[in-house]
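Chemist: I need the structure of the sequence given here:
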Amino acid sequence: MPPVSAILLGVLPLVVFGAAAWILKETPIRSHRAAHFSPKKPYPILLFAALIALSVALGLTHRSRADSLALALICSSLVGSLYIQHKLLAIFAHISRFYLDPREWKPADPPGPCWRYQMQHAFIRDPEYLDQLMLEMFLTHRTRADFLAALRSRSFPSGYEHLLSKRFWGNILFPSIETLATRIVPNELLENHGKYSPERTADQIYDELRGLALTDSARFLDRWQYYWCLRNLNIVDGLIGMVFSRWVQAGTIAFGAGLLALGCWVEPLKHHQPTLTLSAIAMGSLLWLLVACGSASLLIVGAFRGTGTFTISDPCQGEYFDPLWNRVIQVGIVAFAVSFVIYGLASPFMFEAKTLRSFGVDAHFVIYALVSLLFCGTIFVAHFVGIHRLMAKSRTNAMERSEEDIAAADATIRKSKVEHYLELRQLRSWPIRSAVVIQLLAGIVLPVAVQAILLYTGLKSK
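Modeler: Presented below is the predicted three-dimensional model:
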């Protein structure tokens, strides 16, 4: 058979099937509410397309194995980072739509089905310093004007003097209690005009919170957490926009290319390595891939740490744990799989390009492979442990609140309250079940096994 015929026989069915699948793809009609939460962050299509086109042009003029590998790494890194970005934005949109819709909790009404975030029961019984300070100030000052005047003059209740300069939220990056009280609360919590806004004036918010402080401190703290959550969602939305902005993406790629230039200044490239321009683009693309994978994991897990927690529906939606955690754990698995397959498996061959001629790995190759595995493994472990902590505090909070509901319930509904408590007690606090195990095997164990086989084969061939 002529080669042209063989090529057509292989390509034509693929093109026809792909075109048919695209034509028959469903495009459901969206609602106004769904459109409000749809991701609006731009994808760097033009930037990445230009880099890929330049790399392909260079690859066609230098047809060595090292250049072909560098070209493959560039394309896979940029496309992989786009997939990670899409995954993060889609899951964040899903969470904000079905769990954190600000319009689902109107004043004087109980939360609707699409607002499922509240203060942890442990912090209602024993509020943090800032929450207790604000509760006392709401009780003390009748109007928002009086409240703001007290903040400007630093007229805080007695007993807090030695706490105002403390940073109790981890490290120096987090503001002190005084900064939170005097800047964040009046300017970002009471005055919230961001994407995630309660659509209420600062005076309305203050009057509502003061009324709750006077009548029911537990309800005050739950509503207080609602306004803090909206403020934090605006922060996270801004961070996602900043991390995945075109300037950060281009700057990261340029920084990676600069690292290669620094290395070449110390030790010039050898003849069997990729050309300088391809190596620079590949280095920058790999670095951006790692930033995208690491940021996706940190943002989706770190956004919901603190005194708040997701509520668990009654009745429970999942037999093992809430379906929300399935989506969040997928981010970690995808981030590990994409970064490890591209960075962990392939990049050592580019760093030690001589292995492409005769596969015999040396100590440098093994070090590159182990370091890449360590980085990717750290992403997954941090993600996995972070999800466990979120799940555990959600389950603990639900059980503690359920205990109170049982104690306060009359005989007619006590049985249903007890049944819900038993459901909660059976939920897992680790995101492991058969479907997750399969995802782990496909996304983590299999790539690691492939790397182990490659290392073993290469060392044995020495």
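Chemist: what about the stretch 301-450 of the chain, any weak spots by pLDDT?
Modeler: 352-362, 431-450 (pLDDT under 70).
Chemist: do you have the helices of it handy? List them.
Modeler: Ranges of helices within the stretch 301-450 of the chain are 323-339, 347-351, 363-408, 411-426, 434-440, 446-460, based on DSSP state H, counting those that start in this stretch.
Chemist: can you give me the buried ones in the helix or strand hosting L262?
Modeler: Assigned by DSSP states H and E, L262 belongs to helix 246-266. By neighbour count on 16 or more other CB atoms under 10 Å, the buried set for helix 246-266 is V248, Q249, T252, I253, G256, A257, L260. Yep, even glycine has a C-beta here, placed from its N, CA and C like the rest.
Chemist: what of stretch 232-243?
Modeler: Those would be N232, L233, N234, V236, D237, I240, V243, for stretch 232-243 by 16+ other CB under 10 Å.
Chemist: leaving out chain neighbours, which residue sits closest to the fifth one?
Modeler: In space, D237 comes closest to K195 once its chain neighbours are excluded; the distance is 5.6 Å by CB to CB, 6 or more residues apart in numbering.
Chemist: show me what contacts the one you found?
Modeler: Applying CB atoms under 8 Å, 6 or more residues apart in numbering, one finds that K195 lies in contact with L233, N234, D237.
Chemist: same deal with P107?
Modeler: For P107, the contact set (CB under 8 Å, 6+ apart) comprises R200, Q204, E208.
Chemist: and the gap between the second one and R65?
Modeler: This points to Q204. 67 Å (CB to CB, to the nearest Å).
Chemist: same question for the last one.
Modeler: Counting by CB to CB, the gap from E208 to R65 is 67 Å.
Chemist: D322: what's it in contact with?
Modeler: With CB under 8 Å, 6+ apart as the criterion, the residues that contact D322 are F310, I312, S313, C316, M391, S394, L427.
Chemist: typo on my end, L287
Modeler: T252, I253, F255, G256, L259.
Chemist: host element of it?
Modeler: L287 belongs to helix 276-302, assigned by DSSP H and E.
Chemist: circling back: what's the closest of the contacts of D322 to L290?
Modeler: Of all the contacts of D322, M391 has the smallest distance to L290: 26.6 Å, by CB to CB.
Chemist: for burial, what's the neighbour tally of that closest one?
Modeler: A total of 24 residues lie near M391 under the criterion other CB atoms under 10 Å.
Chemist: distance of the closest residue to it other than its chain neighbours relative to S76?
Modeler: In space, and not counting its chain neighbours, M391 is closest to S429: 4.9 Å by CB to CB, 6+ apart. Plainly put, S429 is 36 Å away from S76 if you go by CB to CB.
Chemist: what's the answer for E423, then?
Modeler: For E423, the distance to S76 equals 44 Å [CB to CB].
Chemist: out of the helices of the stretch 301-450 of the chain, which is closest to L173?
Modeler: Between L173 and those, the tightest spacing by CB to CB is seen for helix 363-408, at 17.1 Å.
Chemist: tell me the angle of the closest one relative to helix 276-302?
Modeler: With axes from the mean of the first three to the mean of the last three CA atoms, to 10 degrees applied, the angle from helix 363-408 to helix 276-302 works out at 20 degrees.
Chemist: packing partners for helix 363-408?
Modeler: Helix 363-408 sits against helix 121-125, helix 276-302, strand 308-310, helix 323-339, helix 347-351, helix 411-426, helix 446-460, with contacts defined as 3 or more CB pairs under 8 Å, 6 or more residues apart in numbering; DSSP states H and E.
Chemist: all helices of the stretch 51-200 of the chain, in order?
Modeler: Taking DSSP H, counting those that start in this stretch as the test, the helices found in the stretch 51-200 of the chain are 65-98, 121-125, 129-140, 144-152, 177-179.
Chemist: would you reformat those as a markdown table and include distance to L189?
Modeler: Formatted as a markdown table, these follow (distance: least, CB to CB, whole Å):
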| stretch | distance to L189 |
| --- | --- |
| helix 65-98 | 18 |
| helix 121-125 | 17 |
| helix 129-140 | 9 |
| helix 144-152 | 12 |
| helix 177-179 | 13 |
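Chemist: other SSEs contacting the helix holding L262?
Modeler: With contacts taken as 3+ CB pairs under 8 Å, 6+ apart, helix 246-266 sits against helix 45-61, helix 276-302.
Chemist: let me know the angle separating the first one from helix 276-302.
Modeler: Regarding helix 45-61 and helix 276-302, their directions subtend 140 degrees when assessed with the same axes, to 10 degrees.
Chemist: just the angle for helix 45-61 relative to helix 246-266, thanks.
Modeler: Relative orientation of helix 45-61 and helix 246-266, computed by the same axes, to 10 degrees: 30 degrees.
Chemist: thanks again, I'm all set now.
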